[in-house]
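> this one's sequence-less:
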């Protein structure tokens, strides 16, 4: 049965076309999640972050000068070209301010759409998860990228940041992430937002883009605005003009939002699975389009400066592997153990140059 999970579309595809009944009956996550490569089409976003798809996506390389991609078996390192270029630019800025390099988590599936597991968003190639751990000084193996655990920045059993883990470089990383004009939101745990509200001095205007939400203490979430050339992309509501630090909105999280709810004994109503018919019309064409080669659909870093990526053997894509994959907070060896930095030791000694938020 496990083997069948990787081949649930066998027998329903003819000459690259899907039978009409498949669109109506099969959950969209199975159709989009089975595609190993993007649609060979002009780069365009269709729909909303939680209901859409992406054409002409490209993959961030497994290794770059200032990043390493994680959980490679998921095949979620695909995004709109503008987002992938922004991640590269962020990796350079963060490196200059003491962050050793980015560990890149989920972006999108090759053609976007609902995911086989996990996220409701990440469907249109404009969302990216970046770990709250700096890249180690060596290149990790495939198995390490699959199995190591990210490290939470929160104090154990608390909603607040662990002072021994938080560094100036963390603040600068988020500052640079929010500084890109095309990035509309940076989603973090409310404890991380409070840490910034309590410590950032001077120009605090960038804090309005730092939005508190559940989870997001092992990683933070970049959300890019709808790019030009994608008229079918549905915009999200604008972020507030204020910082969100002193208006009472952050207090709600600690008084109510994060407090576990008392069990009611009622089982939550299962959410209806999205079908292709629920997505923008263009997503049908994206799903059935031909695919480019992996080489031609992989981003070429602009600022490689002679960097040569090490060879890493990646097993052939399998939906069965995705379905049994680990979350980033899975138990096991942590990034801290790999780097040899259990607290903020190495990072705290890195001088932080200007410009910086004051």
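Yep, that arrived. Fair warning: this is a prediction, and the values are worked out from it, not measured in the lab.
> quick one: the strands in the stretch 251-358 of the chain?
Listed from the start of the chain, the stretch 251-358 of the chain has no strands (DSSP state E, counting those that start in this stretch) to report.
> What ranges in it fall below the confidence cut-off?
Using pLDDT under 70 as the threshold, the predicted model of the stretch 251-358 of the chain has low-confidence ranges 339-358.
> please redo it, this time with the cut-off set to 80
Judged against pLDDT under 80, the low-scoring parts of the stretch 251-358 of the chain cover residues 264-265, 304, 330-332, 336, 339-358.
> Please enumerate the helices of it.
Taking DSSP state H, counting those that start in this stretch as the test, the helices found in the stretch 251-358 of the chain are 282-288, 319-323, 335-339, 345-348.
> quick check: longest helix of this structure.
When every helix of the chain is counted residue by residue (DSSP state H), the longest turns out to be helix 81-96.
> Tell me which residues are up against that one.
Residues from elsewhere that reach helix 81-96 (Cβ atoms under 8 Å, 6 or more residues apart in numbering): 43, 56-60, 64-67, 79, 101-102, 104, 107, 125-126, 128, 130, 169, 172-173, 176-177, 179-180, 182-183, 222, 224, 227, 299, 301-303, 353. For every residue, glycine as well, the C-beta is placed using N, CA and C.
> Would you mind identifying the next helix or strand past it?
Read in the C-terminal direction, the helix or strand following helix 81-96 is strand 102-104, with elements assigned using DSSP states H and E.
> Which strands and helices lie in contact with the helix or strand containing residue 195?
Residue 195 is located in helix 190-199, with elements delineated by DSSP H and E. Using 3 or more Cβ pairs under 8 Å, 6 or more residues apart in numbering; DSSP states H and E as the contact definition, the elements that helix 190-199 packs against are helix 168-179, strand 210-212, helix 249-252.
> who touches residue 332 in this structure?
Contacts here follow Cβ under 8 Å, 6+ apart; on that basis residue 332 touches 147-149, 326.
> Make JSON lines out of the helices of the stretch 251-358 of the chain and add distance to residue 155 and mean neighbour count.
Listed next are the helices of the stretch 251-358 of the chain as JSON lines, based on distance: least, Cβ to Cβ, whole Å; neighbours: other Cβ atoms under 10 Å:
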{"stretch": "helix 282-288", "distance to residue 155": "43", "mean neighbour count": "20"}
{"stretch": "helix 319-323", "distance to residue 155": "33", "mean neighbour count": "18"}
{"stretch": "helix 335-339", "distance to residue 155": "15", "mean neighbour count": "18"}
{"stretch": "helix 345-348", "distance to residue 155": "17", "mean neighbour count": "16"}
